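Q: Sequence and computational prediction follow.
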Amino acid sequence: MTNNKKINVLINGIHGKMGSEVLNAVCKDSTLNLIAGIDELAKQKTYLLPDQSKTIQIKKTIHQISNLNMVDVIVDFTNKAGAMEVIRTGVPLGIRIVSGSTGFDDKDYKEIEILSEKFQTGVFIAPNFTTGAILLMHFAKIASRFFDYAEINEVHHEAKIDSPSGTAIAIAKSIVDGKNEELCNTIPEKEVIKNSRGANYKGVSIHSGRMPGRVAHHELIFGAPGQTLTIKHDSINRESFMPAVIEAIKYIMKSNKFTIGLENIMKL
């Protein structure tokens, strides 16, 4: 960290919907100092902050950032490829990472873990940055012991690039982990339209909706003879992610490890 004790932040995907929210949240926090941004679609080289306090540089790639040596934390909300680029570049330089990108597989996680351990630099990745969604996963793990059937309905905005959502997959994993075995999944005798039962993760059916007017919505339904249990979480706007993003920035500044999931900060 710099002598002024503020945490110097760079946002990867600064012109995106989530990146724009992160920009506003960082600028409102007196302990954080936004110094640069990256966006592959950037047209201008500089950007005047919303409070007009200063102008920061905007580049298309991390390799074009001139003051990279001043960055303490990179906050990434892009995609797997964008996240891996800043992780591979930043971690060896001692720059910590907070990422909300999804699509990572076990091979990616292993590479990140090795980098983090080698350079003793913290990396934090979370499929979801809302406390409600993390509590949903927590409740799902508890309830799964008592049910054999479960289905997940998730709906996001039409521009979301992946399906199912990273959060839906995390919920499904929590269910299976809690039950410690696969769930029952009813296969129709006649499937009139292919994949009408949705995706299947170890017996948990996942249905994905993509449409305008939505941000992030997850509904988990457990079923048993004569009863159902429904747990639902809605993100009405992207502002709901910001308190946890800010908390993750401050958390990773005190950690030299690779951490996955907001539940670690919430101590669930």
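A: Structure received. Residues are numbered from 1 along each chain as shown.
Q: Test for you: state the pLDDT assigned to residue 43.
A: At residue 43, the model reports a pLDDT of 84.
Q: how does the protein divide into domains?
A: 7-125+239-266, 131-236 (automatic domain parsing).
Q: And the helices in the protein, which stretches?
A: 17-28, 80-90, 106-119, 131-143, 166-179, 242-252, 263-266 (DSSP state H).
Q: and of these, who's closest to residue 234?
A: helix 131-143 (8.0 Å; Cβ to Cβ). Every C-beta, even on glycine, is put in place using the N, C-alpha and C of the backbone.
Q: what's the neighbour count on residue 47?
A: Residue 47 has 19 neighbours, counted by other Cβ atoms under 10 Å.
Q: didn't it look like it was pressed against residue 37?
A: Yes. Under the criterion of Cβ atoms under 8 Å, residue 47 makes contact with residue 37 at 6.4 Å.
Q: any residues in contact with both of these two?
A: Among the neighbours of residue 47, those also in contact with residue 37 (Cβ atoms under 8 Å, 6 or more residues apart in numbering) are 14, 56, 57, 58.
Q: in the sheet, who's paired with the second one?
A: Put plainly, it is residue 56. Listed beta-bridge partners, residue 56: residue 47 (assigned using DSSP bridges).
Q: Spit out the contact partners of the residue nearest to residue 244 when sequence neighbours are not counted.
A: Setting aside the residues directly before and after it, residue 244 is nearest to residue 129 in space (Cβ to Cβ, 6 or more residues apart in numbering), at 4.2 Å. When contacts are counted by Cβ under 8 Å, 6+ apart, residue 129 touches 100, 241, 242, 244, 245, 248, 262.
Q: okay if I get the residues you listed as TSV plus pLDDT, neighbour count and distance to residue 115?
A: Formatted as TSV, those follow (pLDDT from 0 to 100; neighbours: other Cβ atoms under 10 Å; distance: Cβ to Cβ, whole Å):
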residue	pLDDT	neighbour count	distance to residue 115
100	94	25	19
241	94	25	25
242	96	20	27
244	96	22	24
245	97	21	22
248	98	25	18
262	94	27	21
